[in-house]
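[1] heads up, no residue letters with this:
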């Protein structure tokens, strides 16, 4: 991972929330929220909450006496999330998932949607989740499967590789889709203390009103934007158009629909 992979600032939070959440994150937010609610928790911690897609889904399913602490390392993402959802049950807190500012055994559930890939030390991030869970508590998290199983990201990555052939942007294969080896995930969780682990491959569909909408989200609403601008900031719009053209060639110029696949992991303390 490079430093810019973790940078969600400027206009990225707003574009991420507007385009990427409906494009790829909402189906998995609903999936994890149902898993969380099924355990009947009172105290829930969310790490890497981003702009709050999972937070909103969990809050919609929990009773009035439940409490959620939603954390993220990026203050601009939390600011966007807190503006979207004002709920007295939720505390928004800037925090590092690798050094959580909470006492041991405080939470019934720790949930993390598409954040573990960004942990520079996966075992430490999992160890912190284990530490703050009560005995019998569960850690639910999702990660993207290989980029070949996620069509829009794969197509855009290839389109930008043609645009920057000597230094292609690699955010998606390197980081977003870079942590999907199930045996490695199990080993990392066991090293953190978890013994009971299950991994489910969950397929969904990624839908956008147009190729342009998907391209704007992917190229301008994710850290891929940082890579494009590092190569030539004046070419961001060109990169977006190239991505839109590549998506249109594969899926047509109207509403588009592509395959996505994630791994949803449950680990019990």
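    Okay, I see it. Every value quoted in this text rests on a predicted model; they were computed, and no experiment measured them.

[2] from here on, contacts and neighbour counts on C-alpha atoms
    Noted.

[3] Show me what residue 200 is bridged to.
    Applying DSSP bridges to residue 200 gives these bridge partners: residue 264.

[4] And it, what's its pLDDT?
    Looking at residue 200, its pLDDT reads 98.

[5] contacting residues around it?
    The contact partners of residue 200, by CA atoms under 8 Å, 6 or more residues apart in numbering, come to 263, 264, 265.

[6] count of residues packed around residue 181?
    Look at residue 181: counted by other CA atoms under 10 Å, it has 11 neighbours.

[7] Kindly report the same for the one 4 residues further on.
    By other CA under 10 Å, 17 other residues sit near residue 185.

[8] Which strand or helix spans it?
    helix 182-192 (DSSP states H and E).

[9] Does that helix pack against any helices or strands, and if so which?
    Helices and strands touching helix 182-192, by 3 or more CA pairs under 8 Å, 6 or more residues apart in numbering; DSSP states H and E, are helix 122-132, strand 196-208.

[10] what angle do that helix and helix 122-132 make?
    Angle, helix 182-192 to helix 122-132, by axes from the mean of the first three to the mean of the last three CA atoms, to 10 degrees: 50 degrees.

[11] any idea of the mean pLDDT for helix 182-192?
    The predicted model assigns helix 182-192 a mean pLDDT of 98.

[12] Taking strand 196-208 as reference, get the angle to it.
    Using the same axes, to 10 degrees: helix 182-192 against strand 196-208 is 130 degrees.

[13] Could you give me the buried positions within helix 182-192?
    Neighbour-count burial for helix 182-192, counted by 16 or more other CA atoms under 10 Å, picks out 185, 186, 188, 189, 190, 192.

[14] cool, stretch 92-110 as well?
    Result for stretch 92-110 [16+ other CA under 10 Å]: buried residues 92-98, 100, 106-110.

[15] same question, stretch 253-262
    Using 16+ other CA under 10 Å as the test for burial, stretch 253-262 gives 256, 257, 258, 260, 261, 262.

[16] which outside residues touch the helix holding residue 185?
    Outside helix 182-192, the residues within contact range by CA under 8 Å, 6+ apart are 122, 123, 124, 126, 127, 130, 179, 195, 197, 199, 267.

[17] do you know how far the fourth one is from residue 15?
    Relative to residue 15, residue 126 is positioned 29 Å away (CA to CA, to the nearest Å).

[18] Which parts of stretch 112-132 count as buried, going by neighbours?
    Neighbour-count burial for stretch 112-132 flags 112-119, 122-132 (criterion: 16+ other CA under 10 Å).

[19] residue contacts, residue 127?
    Residue 127 makes contact with 189, 192, 193 under the criterion CA under 8 Å, 6+ apart.

[20] So for the helix or strand where residue 71 lies, mean pLDDT?
    Using DSSP H and E, residue 71 sits within strand 67-72. Strand 67-72 shows a mean pLDDT of 97.

[21] Paired strands for that strand, with orientation please.
    Partner strands and pairing direction for strand 67-72 (DSSP bridges) are strand 43-47 (parallel), strand 90-94 (parallel).

[22] of all the ones you listed, which gets the most neighbours per residue?
    strand 43-47 (a mean of 25; mean count of other CA atoms under 10 Å).

[23] Distance from the chain centre to that strand, please.
    15 Å (CA atoms, centre = their mean, to the nearest Å).

[24] please begin residue numbering at 58 from this point
    Got it, first residue is 58 now, which makes that one strand 100-104.
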